[in-house]
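S.K.: Here's my sequence, what's the structure:
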Amino acid sequence: MAEDAVAKPRSNPWVRAGVDYAGPLAFLVGYFATRDFLVATWALVAVSAAALAVGFALERRIAPMPLLAGVAALIAGLLTLVFKDPVFVKMKPTAVNTALGLAMLGGLAAGKSPLKALLGEALHLSEPTWRRLTLRYGLFFLCLAGLNEAVWRTQSDATWALFRMPGLPLLAVLFSFSQIPAMLKDAKAQEAAARAAETQD
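M.R.: This is a model prediction of the structure:
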């Protein structure tokens, strides 16, 4: 079929990392170089827009989560610059993680797995494992949202800037690593089931 003849575009991990982290990294560098939140926000807006444009130019597509984060960074940054109020940038991780958490849990309640829709091509897991991972990631995103609120409301701008980058990405990486044993266990169970089925045949 014609559809099968056209390979689906595969995301370049370096391009995706650039779209994900270029804006927050630019904000971090801008803030510690100037100690001026608005100057750092200008860097965030400019680099986020450039990263989205370059990512789209190179791949002709942008994965949903980097797109959500990039657009949210642009909106929050522009609101901060217009109103000269850093609260918009500080609440951006809260808004994004809350949206992701509710999407995961809402999809799970509807009998679907948004996580599988995002990662299903990369990981081959059983439906029960997808549901468990979706629940865990949904709760994790909501915890990140709550943690961001606690940090920006109680800590200095410098502390929040470091929490935003590299703190939040590191927490996400550590959480993802903590889920590897469950995924490996599921993969082994599927292999054992496949071998048993072959033996019976």
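
S.K.: Packing partners of the one helix or strand residue 174 maps to?
M.R.: Per DSSP states H and E, residue 174 falls inside helix 168-178. Here helix 168-178 touches helix 13-34, helix 127-154, going by 3 or more Cβ pairs under 8 Å, 6 or more residues apart in numbering; DSSP states H and E. Any C-beta I mention is one placed from the backbone N, CA and C, and that applies to glycine too.

S.K.: If you count neighbours, what's buried in the last one?
M.R.: Residues 129-134, 136-138, 140-142, 144-145, 147-149, 151-152 are the ones in helix 127-154 that count as buried (16 or more other Cβ atoms under 10 Å).

S.K.: ok, back up a step: show me which positions of the helix holding residue 174 end up buried.
M.R.: In terms of neighbour count (16+ other Cβ under 10 Å), helix 168-178 has its buried residues at 168, 172.

S.K.: Could you find the closest non-adjacent residue to residue 132?
M.R.: residue 182 (6.9 Å; Cβ to Cβ, 6 or more residues apart in numbering).

S.K.: so who does the one you found touch?
M.R.: Neighbouring residues of residue 182 by Cβ atoms under 8 Å, 6 or more residues apart in numbering: 129, 132, 133.

S.K.: now whichever strand or helix holds it, how far from the chain's geometric center?
M.R.: If you go by DSSP H and E, residue 182 is part of helix 180-200. Centroid displacement of helix 180-200 relative to its chain, using Cα atoms, centre = their mean, to the nearest Å, is 29 Å.

S.K.: Next, the angle helix 168-178 makes with that helix.
M.R.: On the basis of axes from the mean of the first three to the mean of the last three Cα atoms, to 10 degrees, helix 180-200 is oriented at 30 degrees to helix 168-178.

S.K.: Can you give me the domain boundaries for the protein?
M.R.: In the domain annotation for the chain, the residue ranges read 1-85, 96-194 (automatic domain parsing).

S.K.: want to throw those into a markdown table with mean pLDDT?
M.R.: Listed next are the domains of the chain as a markdown table, based on pLDDT from 0 to 100:
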| stretch | mean pLDDT |
| --- | --- |
| domain 1-85 | 84 |
| domain 96-194 | 92 |
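
S.K.: what helix or strand does the residue sitting nearest the centre point of the chain sit in?
M.R.: Closest residue to the average C-alpha location of the chain: residue 65 at 5.3 Å, with Cα atoms, centre = their mean. Taking DSSP H and E as the definition, residue 65 sits inside helix 64-83.

S.K.: Now do the helix or strand just after that helix against helix 168-178, angle only.
M.R.: Once the chain leaves helix 64-83, the next helix or strand it forms, by DSSP H and E, is helix 87-109. Inter-element angle recorded for helix 87-109 and helix 168-178: 20 degrees (by the same axes, to 10 degrees).

S.K.: Identify all contacting residues around helix 87-109.
M.R.: So helix 87-109 is contacted by 27, 37, 41, 44, 65, 68-69, 72-73, 75-77, 79-80, 113-115, 131, 134-135, 137-142, 144-145, 148-149, 152, 160, 164, 168 (Cβ under 8 Å, 6+ apart).

S.K.: Who are the contact partners of the nearest residue to residue 71 once chain neighbours are set aside?
M.R.: Nearest residue to residue 71 in three dimensions, chain neighbours excluded: residue 52, at 7.6 Å (Cβ to Cβ, 6+ apart). Residue 52 makes contact with 19, 62, 67, 70, 71, 74, according to Cβ under 8 Å, 6+ apart.
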